[in-house]
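Visitor: here you go, sequence then predicted model.
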Amino acid sequence: MPGPLLTYNMNQSMRVGIRSGLLLITGHAILELVTIVLLFLGAGAFLSTNIAQIVIGLVGGIVLVIFGISMIKDVIQGKAKLNVQEKGGEHSGGLILNGIVISILNPYFLIWWTVVGLGLMLAAYSAFGIIGIAIFFAGHMLADFS
């Protein structure tokens, strides 16, 4: 699903190069692995409640609106610049952490995992046990990395 992580990745790809995508998705993958473990341990019951969905949607939506306003403000003030000549010149440090942070601040991430991902994970577990979850995760990561 196109969203904040893809947008950030496109921005960083022009500055850092192709490794930005690999590092950002590695951070995203770490968060997804933690999410799968938490869901497997029972967090899905809490995250599926109406109050959790409302809080996730509101907090994540507010953060995305703040980011959007900040970007618009930067454009108006002339601070937003696109300089593709800087490719490879910037340090790629922090991209894994940024992949985690951007993913967790996106309300779609948790909503997807509680509505779609949890169901797919449980189906994989019912069919093949813990190996099914590992296969599901591997396939999901191949899709994300590609």
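Guide: Good, I have the coordinates.
Visitor: C-alpha only now, for contacts and for neighbours.
Guide: Noted.
Visitor: mind listing what residue 99 touches?
Guide: Residue 99 is in contact with 5, 23-28, counting by CA atoms under 8 Å, 6 or more residues apart in numbering.
Visitor: scratch that, residue 26
Guide: Shown in contact with residue 26 (CA under 8 Å, 6+ apart): 96, 99.
Visitor: in three-state terms, label it for me.
Guide: Assigned by DSSP: H, G, I helix; E, B strand; the rest coil, the conformation of residue 26 is helix.
Visitor: reformat the contacts of residue 99 into TSV and put distance to residue 125 and pLDDT next to each item.
Guide: TSV is the format used below for these (distance: CA to CA, whole Å; pLDDT from 0 to 100):
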residue	distance to residue 125	pLDDT
5	28	90
23	29	95
24	28	94
25	24	94
26	24	95
27	24	95
28	22	95
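Visitor: ok, so of these, who is nearest residue 46?
Guide: For the contacts of residue 99, the closest approach to residue 46 (CA to CA) belongs to residue 28, at 21.8 Å.
Visitor: got a list of what that closest one touches?
Guide: Residues counted as contacts of residue 28 (CA under 8 Å, 6+ apart) are 96, 99-100, 103.
Visitor: go on, residue 131?
Guide: residue 125.
Visitor: what residues of the host helix or strand of it count as buried?
Guide: If you go by DSSP states H and E, residue 131 is part of helix 130-145. Residues of helix 130-145 classed as buried by neighbour count (16 or more other CA atoms under 10 Å): 132-134, 136-137, 141.
Visitor: by mean pLDDT, point me to the weakest helix or strand of the chain.
Guide: helix 44-47 (a mean of 76; mean pLDDT, DSSP states H and E).
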